[in-house]
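> here is my input; please provide its structure:
(chains A and B, ligands or ions: 2)
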Amino acid sequence: MTNLKIIVCIKQVPGTTKVDIDPETGVLKRSGVSAKMNPYDLFGLETALRLKAEYGAHITVISMGPPQAETVIREAYMMEADDGMLMTDRKFAGADVLATSYTLAAGIRKIGDFDLIICGKQTTDGDTAQVGPAMAEHLGIPHVTWVSNIESVDETGVIAEQNMEDSLEAVRLKFPCLISVEKDIFTPRLPSYRNKLLTADRPVRVLTFNDLDDSNENNYGLTGSPTQVERIFQPEPFTDRELWDLPEEVSSHKLIELLESMKFI
Amino acid sequence: MANIIVDHGKCDLCKVCIDVCPFGAIDITEGRIDINAACKMCKLCIKNCPSRAMTAAEKRKSADKEKWRGVLVFAEYFEGTLHPVTIELLGIGRKLADDSHMKLCAVIAGSGTAETAKDLACYGTDEVYAYDDPELAHFKVDTYANVLEDLISEIRPSVVLIGSTSIGRSLAPRLATRFRTGLTADCTTLKIKPNTDLVQIRPAFGGNIMAQIITTHTRPQFATVRYKVMDQAVRGEETGRVFDRSVSGEMLKSDIDVIRVTHKESVTSITDAEVIVAGGQGLKEKEDLEMIRELAFLLGGEYAVTRPLVEKGWADYTRQIGLSGRTVKPKLIITCGVSGAIQFAACMNCSDRIIAINSDPNASIFKIAHTGIVGDLYKILPSLIGELKGDRK
Ligand SMILES: Cc1cc2nc3c(=O)[nH]c(=O)nc-3n(C[C@H](O)[C@H](O)[C@H](O)COP(=O)(O)OP(=O)(O)OC[C@H]3O[C@@H](n4cnc5c(N)ncnc54)[C@H](O)[C@@H]3O)c2cc1C
Ligand SMILES: Nc1ncnc2c1ncn2[C@@H]1O[C@H](COP(=O)(O)O)[C@@H](O)[C@H]1O
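Residues are numbered from 1 along each chain as shown, chains lettered A, B, ... in the order given. Ligands and ions are numbered 1, 2, ... in the order given. Predicted coordinates for the structure are as follows:
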């Protein structure tokens, strides 16, 4: 089989989703500033690596983010990705789904020919699962989400199994196309120390706004983002509650009465 | 062009912004505060800057909101049945339409949709648009996007609501992108402003906080809505006018072939249960889960568990409530020995009635329970089950 050209989209996310809001100031308290590769993207990368092992492939990872997101590309090298591109520019900042997918699509056009783009199911910070399908639309290629198995690949396309709520659907997509893969499709390998040494000198291609064909700033970053976060807050607690701190027999009896009055029994 | 603009004259490098930024998007470069690409424009830095040195750059200019009117609901349909989220979308859709003096429309695509289209007309809709073609029998994201594009370009709705299902979350981003507009995923609360701006609230950071999102400048405004959160529309008289739309060959062009569909074994689903009894780590032995099962059975409901019980192999994954399990919204849920961790609570706190039994008066489940019972489940459940069995005899 010919060499597949695969692009894997990976993102750097905060190391934890534990956040607290200071009740007095309403300010988010960030616990720990560490960053890591979006865990769901590990499954995307592993899928690409398995396809490489079976069919032969060249794997390019791409990420949009701050300069320090280079770390996740290096990590992908340690897992045996071949090439990496980091899209970073202040003009990309503040991007929502539309602008993120637009920017990534523009970067992918710069990479050139490809057969398959693989995304993770979702990110742990943005948490939308939308960037993949949106990117496919920008690129005018078909996509399929929730892929839980790749059945086969040939020169012209891929047969993937899609995990829907009540069914598993096998669909055939022509290349070029995009898939986003479920968690657990394959068990991701660990980055190897040996590869770390081997790839230490491997460059990461950096793309900035000036490298892109479309130089209309209105399509990128905040200005290219139709949605806007108005505020963030902690879920409100209920106010209208009852607490019974009574001997168990009494509570149990009261509960029966309550259930009866509510017509559950 | 920075999106957060820092007035370096006013800035005294106190670093408060760096501390408050939840995205790690602010650092100091060459002795100046610098906003990097991780910025999400939450504007916490602006709000908290003691020297008021930060402002937000203005966005691009607005669509003419008057030209985009109405709420459009995507009716998810397959082989003669509507996905129940559709009825919930019609419920919230009607409310949004009334609050902003707009009409409520529904669109259905599939094969043999005539009867269901008439049915949709009975759920408080004003207009129902039906695309009926054998080629639409199966959801394919490209053909469905084409069909919806056809309608949206013509009726120009202000708001488009799509269920946050496997299908909805694949379709919505394609459509929103096609119209170069905003899409908010997995909303749990929706309101509308008099100027027709949709106020969309969704959990973020794994449900730890809520984010309120608006699409100020573009139309239509797309939202996917979480299943089992909104109240269902009530079936009534046939209020909606049904329009049959023609399906062109162009719309049906597809790069996707559905080659096989395997239905998953139908396990009794906790997502559809009206009554749920949930057990947590307050249970000491696997056998004790029997009390939970029995109570659920006696109340005509299903039993569910927290994640640790699934991890211990006591119950099947399909019975797990929570972020990494299922979201439920039953009429009644009784939790027994469940602490109420956010990952659990976030996915059941919309239940109509929450009753919690826990021996620890400070358990966080009591923050969301309508009725909290402080006590030992090993005393309460047996007597409850006993009384219920007595009742039935
Ligand atoms: C990313 C992530 C995703 C997660 N997803 C999920 C998820 O989907 N679902 C989920 O459930 N969890 C999930 N969790 C785990 C979650 O954080 C909690 O650990 C879990 O919900 C706790 O389960 P529990 O309430 O059964 O156990 P515990 O927290 O151990 O609580 C047991 C409770 O039982 C009470 N108790 C003890 N003995 C008795 C008695 N005799 N009578 C009455 N009460 C008694 C105790 O007071 C205590 O409150 C997730 C965690 C993470 C990090
Ligand atoms: N900034 C980014 N850089 C690269 N890939 C991304 C980025 N944001 C999202 N993705 C990809 O899109 C998928 C879905 O992300 P999301 O829509 O944010 O949940 C992720 O799993 C990634 O594969």
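> can you tell me which residues contact residue B:84?
B:227, B:232, B:272 (CB atoms under 8 Å, 6 or more residues apart in numbering or on different chains). Heads up, the C-betas are built off the backbone N, CA and C, glycines and all.
> and the second one, how far is that from chain A?
Separation of residue B:232 from chain A (CB to the nearest CB, to the nearest Å) stands at 18 Å.
> before we move on, what about the first one?
Relative to chain A, residue B:227 is positioned 9 Å away (criterion: CB to the nearest CB).
> could you do residue B:320 as well?
From residue B:320 to chain A the distance is 15 Å (CB to the nearest CB).
> which residues does residue B:181 contact?
A:98, A:226, B:215, B:218, B:219, B:220, B:221, B:222.
> can I get those in a markdown table including neighbour count and secondary structure?
Output for the contacts of residue B:181, formatted as a markdown table (neighbours: other CB atoms under 10 Å in any protein chain shown; DSSP: H, G, I helix; E, B strand; the rest coil):
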| residue | neighbour count | secondary structure |
| --- | --- | --- |
| A:98 | 28 | helix |
| A:226 | 25 | coil |
| B:215 | 28 | strand |
| B:218 | 22 | coil |
| B:219 | 26 | coil |
| B:220 | 25 | coil |
| B:221 | 29 | strand |
| B:222 | 33 | strand |
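> nearest to ligand 2 among those?
Nearest to ligand 2 among the contacts of residue B:181: residue A:98, at 10.9 Å, using CB to the nearest ligand atom.
> grab the nearest non-local neighbour of that closest one.
In this structure, residue A:98 finds its nearest non-sequential neighbour in residue A:226, 5.8 Å apart by CB to CB, 6 or more residues apart in numbering or on different chains.
> check contacts around that neighbour.
A:96, A:98, B:180, B:181, B:182, B:215, B:216, B:217, B:218.
> tell me the pLDDT at the second one?
Same thing as residue A:98. The confidence metric pLDDT takes the value 96 at residue A:98.
> my guess is it contacts residue B:178, does it?
No - if you go by CB atoms under 8 Å, residue A:98 and residue B:178 don't touch, sitting 10.6 Å apart.
> quick one: which helix or strand includes residue A:117?
strand A:116-120 (DSSP states H and E).
> and ligand 2, is that strand touching that?
Yes - counting by CB under 6 Å from any ligand atom, ligand 2 has neighbours in strand A:116-120: A:119, A:120.
> give the contact list for residue 34.
Since no chain was named, I'll use chain A. Per CB under 8 Å, 6+ apart, neighbours of residue A:34: A:14, A:15, A:16.
> nope, chain B
B:26, B:27, B:28.
> chain center to stretch A:169-183: distance?
Centroid separation for stretch A:169-183 versus its chain: 16 Å, with CA atoms, centre = their mean, to the nearest Å.
> low-confidence ranges, the stretch 101-250 of chain A, go.
Across the stretch 101-250 of chain A, the ranges flagged by pLDDT under 70 are A:236-239.
> how about 50 then?
For the stretch 101-250 of chain A, applying pLDDT under 50 flags no range at all.
> just the helices in it please.
For the stretch 101-250 of chain A, the helices defined by DSSP state H, counting those that start in this stretch cover A:131-139, A:193-199, A:248-261.
> quick one on the thing from earlier: least confident pick among the contacts of residue B:84?
Comparing those by pLDDT, residue B:272 comes last, at 82.
> neighbours around it, how many?
12 (other CB atoms under 10 Å in any protein chain shown).
> show me what contacts it?
So residue B:272 contacts residue B:84 (CB under 8 Å, 6+ apart).
> do the same with residue B:204
A:125, A:127, A:232, B:210, B:211.
> the third one contacts residue B:40, correct?
Same thing as residue A:232. No - taking CB under 8 Å as the definition, residue A:232 is not a contact partner of residue B:40, at 9.7 Å.
> looking at those two, which is more packed in?
Neighbours per residue (other CB under 10 Å) separate residue A:232 from residue B:40, with residue B:40 holding more: 24 against 21.
> correct me, but the more buried one touches residue A:99?
No - judged on CB under 8 Å, residue B:40 makes no contact with residue A:99 at a distance of 11.2 Å.
> count of neighbours near the residue in the stretch 1-150 of chain B positioned nearest to chain A?
When scored by CB to the nearest CB, the stretch 1-150 of chain B has residue B:3 as its residue closest to chain A, at 3.7 Å. For residue B:3, the neighbour count with other CB under 10 Å is 22.
> you'd agree it is up against residue A:92?
No - the pair residue B:3 and residue A:92 does not pass the contact test of CB under 8 Å, sitting 9.9 Å apart.
> common neighbours of those two, please.
residue A:221.
> per-residue pLDDT, the residue of the stretch 251-393 of chain B found nearest ligand 2?
Across the stretch 251-393 of chain B, the shortest distance to ligand 2 (CB to the nearest ligand atom) belongs to residue B:323, at 14.3 Å. Looking at residue B:323, its pLDDT reads 88.
> for it, give its distance to residue A:169.
25 Å (CB to CB, to the nearest Å).
> before we move on, what about residue A:63?
Distance from residue A:63 to residue A:169, by CB to CB: 30 Å.
> what do you get for residue B:340?
In terms of CB to CB, residue B:340 sits 36 Å off from residue A:169.
> ok, residue 68 - contacts?
In the absence of a named chain, chain A is used. A:12, A:35.
> sorry, should have said chain B
Contacts of residue B:68 by CB under 8 Å, 6+ apart are B:156, B:157, B:158, B:196, B:219, B:220.
> any idea how far it lies from residue B:39?
For residue B:68, the distance to residue B:39 - CB to CB - is 29 Å.
> and the nearest residue to residue A:259 once chain neighbours are set aside, how many neighbours?
Of all residues not flanking residue A:259 in the chain, residue A:265 sits nearest, at 5.0 Å (CB to CB, 6+ apart). With neighbours defined by other CB under 10 Å, the count for residue A:265 comes to 16.
> check whether residue A:265 really touches residue B:295, as I assumed.
No - taking CB under 8 Å as the definition, residue A:265 is not a contact partner of residue B:295, at 11.0 Å.
> what do those two both touch?
residue B:388.
> quick check, central residue of chain B?
The structure's chain B has its C-alpha centroid closest to residue B:226; by CA atoms, centre = their mean the separation is 1.7 Å.
> look up the closest residue to residue 133, ignoring the ones flanking it.
Using chain A here. That would be residue B:173: by CB to CB, 6+ apart, it lies 3.9 Å from residue A:133.
> sorry, should have said chain B
residue B:247 is the one closest to residue B:133 (CB to CB, 6+ apart), at 4.2 Å.
> the one you found and residue B:179, how far apart?
Counting by CB to CB, the gap from residue B:247 to residue B:179 is 20 Å.
> do the same with residue B:124
Computed as CB to CB, the residue B:124 to residue B:179 distance reads 26 Å.
> wait, does stretch A:223-240 contact ligand 2?
No - judged by CB under 6 Å from any ligand atom, stretch A:223-240 makes no contact with ligand 2; its nearest approach is 12.4 Å.
> how many other residues sit next to residue A:187?
Residue A:187, neighbours per other CB under 10 Å, totals 9.
> what's the separation between it and chain B?
In terms of CB to the nearest CB, residue A:187 sits 17 Å off from chain B.
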